[in-house]
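**Q** pasting the sequence and the predicted model now:
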Amino acid sequence: MAQENCTQATEFILVGLTDRQELKMPLFAAFLSIYIFTVVGNLGLILVIRTDSRLSTPMYFFLSNLAFVDFCYTSVITPKMLCNFLYQQNVISFNACAAQLGCFLAFMTAECLLLASMAYDRYVAICNPLLYMVVMSPALCTQLVAAPYSYSFLVALFHATLTFRLCYCRSNIINHFYCDDMPLLRLTCSDTRSKQLWIFTCAGLMFLSSLLIVFISYVFIISAILRMRSAEGRHKAFSTCGSHVLAVTIFYGTLIFMYLQPSSHHSLDTDKMASVFYTTVIPMLNPLIYSLRNKDVKEALKKAVSRSSQASVFVKLQI
């Protein structure tokens with residue numbers, strides 16, 4: 001990947017979240033707990049949706065894919081971050097750094113676009129409820145999930161290839177806890193103007209288009225809800241959309257804070273804290289948001305727990 005006539009770095013050193021030894025073990029314990037909770041929450045949500053026939057609807061099809069993406073993109077970052085708390089020098093190879101950046105960008109882009117697909121699903125459910133299952137056919141649902149995955153994979157592949165074709169000859173120390181674009185670009189001695197233009201153009205178009213889909217969908221949704229005569233119907237409609245609105249607000253709000261604030265206000269420490277939030281906290285929060293605020297999911301969870309307890313009692317009796 002590297003350019004010719006360049007003494008290319010073969011590995012990078014990640015500075016991490018802190019260099020204070022007394023903080024590393026408490027941080028390790030905290031982030032390990034968050035990661036375990038995230039894995040159990042997201043994989044458990046997928047399992048409940050797949051095994052309960054009442055949740056075989058387009059909304060839960062999209063939700064299971066969102067949980068899968070949350071699990072994947074936090075798993076790209078967190079295990080390496082946890083290992084780095086245990087070692088004095090946090091080394092990552094050139095190829096591993098490229099793979100981490102590419103995978104993270106793919107899953108984060110997929111999440112952004114999946115939230116837009118879910119907004120369209122909510123629009124159809126609220127504004128055209130009688131034809132919901134006809135409009136949101138299995139074929140359309142598959143397309144609305146396949147398109148974000150395909151687009152995000154191609155964008156991430158091209159993005160990572162461009163990044164790691166640059167010449168990294170200044171230093172191999174990344175002031176971050178994972179391989180991210182902006183800290184990497186600070187290390188290169190190549191001309192990065194075209195690369196930065198590509199980053200902001202591509203990310204801006206993707207972000208604005210998905211945000212526009214969400215915004216337009218909710219303009220129609222709110223309009224339809226306000227026209228409802230039944231207070232119970234309005235409450236049900238708002239509760240149906242509440243979880244998605246909260247997830248969208250947290251995710252897009254963090255991205256706006258990260259990438260749309262003036263450059264004079266940017267600092268690496270602030271970026272690190274924001275990165276911690278969207279790489280570890282958001283994937284943990286999404287299963288809570290969608291399960292605690294959703295009556296169907298809560299009932300399915302109770303049913304799953306009941307089945308597992310009955311099975312354990314049966315096994316004990318057999319023994």
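**A** Done, it's in.

**Q** name the helices or strands packed onto the strand or helix carrying Ser217?
**A** Secondary structure assignment for Ser217, by DSSP states H and E: helix 193-226. Where contact means 3 or more Cβ pairs under 8 Å, 6 or more residues apart in numbering; DSSP states H and E, helix 193-226 is packed against helix 94-127, helix 138-163, helix 181-185, helix 231-259. C-betas here are computed from N, CA, C, even on glycine.

**Q** let me have the ones you listed in JSON lines, extended by mean pLDDT.
**A** As requested, the helices and strands packed on helix 193-226 are arranged in JSON lines below (pLDDT from 0 to 100):
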{"stretch": "helix 94-127", "mean pLDDT": "94"}
{"stretch": "helix 138-163", "mean pLDDT": "93"}
{"stretch": "helix 181-185", "mean pLDDT": "84"}
{"stretch": "helix 231-259", "mean pLDDT": "83"}
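
**Q** for these, which one ends up most surrounded?
**A** Most buried of the helices and strands packed on helix 193-226 by mean neighbour count (mean count of other Cβ atoms under 10 Å) is helix 94-127; its value is a mean of 21.

**Q** what's the next secondary structure element after that helix?
**A** helix 132-135.

**Q** what comes up buried for that following helix?
**A** Using 16 or more other Cβ atoms under 10 Å as the test for burial, helix 132-135 gives Tyr132.

**Q** from the chain's centre, how far out does it sit?
**A** Offset of helix 132-135 from its chain centre (Cα atoms, centre = their mean, to the nearest Å): 27 Å.

**Q** ok, stretch 139-154 next?
**A** With Cα atoms, centre = their mean as the basis, the mean position of stretch 139-154 lies at 15 Å from the chain mean.

**Q** just the CA trace of it, in PDB.
**A** Extracted C-alpha coordinates of stretch 139-154, given in PDB (Å, rounded to 0.1, in the frame of the first residue of the first chain):
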ATOM      1  CA  ALA A 139     -37.600  -7.800  -0.800                       C
ATOM      2  CA  LEU A 140     -37.700  -4.100   0.100                       C
ATOM      3  CA  CYS A 141     -36.500  -4.700   3.600                       C
ATOM      4  CA  THR A 142     -33.600  -6.700   2.300                       C
ATOM      5  CA  GLN A 143     -32.700  -4.000  -0.100                       C
ATOM      6  CA  LEU A 144     -32.900  -1.300   2.600                       C
ATOM      7  CA  VAL A 145     -30.400  -3.300   4.700                       C
ATOM      8  CA  ALA A 146     -28.200  -4.600   1.800                       C
ATOM      9  CA  ALA A 147     -27.700  -1.100   0.400                       C
ATOM     10  CA  PRO A 148     -26.100   0.400   3.600                       C
ATOM     11  CA  TYR A 149     -23.900  -2.700   4.000                       C
ATOM     12  CA  SER A 150     -22.700  -2.600   0.400                       C
ATOM     13  CA  TYR A 151     -22.200   1.200   0.300                       C
ATOM     14  CA  SER A 152     -20.400   1.300   3.600                       C
ATOM     15  CA  PHE A 153     -18.100  -1.600   2.600                       C
ATOM     16  CA  LEU A 154     -17.100   0.100  -0.700                       C
END
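
**Q** sorry, back to before: so which of the helices and strands packed on helix 193-226 is nearest Lys195?
**A** helix 138-163 (5.6 Å; Cβ to Cβ).

**Q** and the angle for that closest one with helix 94-127?
**A** 150 degrees (axes from the mean of the first three to the mean of the last three Cα atoms, to 10 degrees).

**Q** what packs against helix 138-163?
**A** Counting by 3+ Cβ pairs under 8 Å, 6+ apart, helix 138-163 packs on helix 58-86, helix 94-127, helix 181-185, helix 193-226.

**Q** sorry, back to before: buried ones in the helix holding Ser217?
**A** Here helix 193-226 shows 195, 199, 203, 206-207, 210-211, 213-214, 217-218, 221, 224-225 as buried, counting by 16+ other Cβ under 10 Å.

**Q** looking at the residues you listed, which is nearest Thr78?
**A** Looking across those and measuring by Cβ to Cβ, the closest to Thr78 is Ala203, at 22.8 Å.
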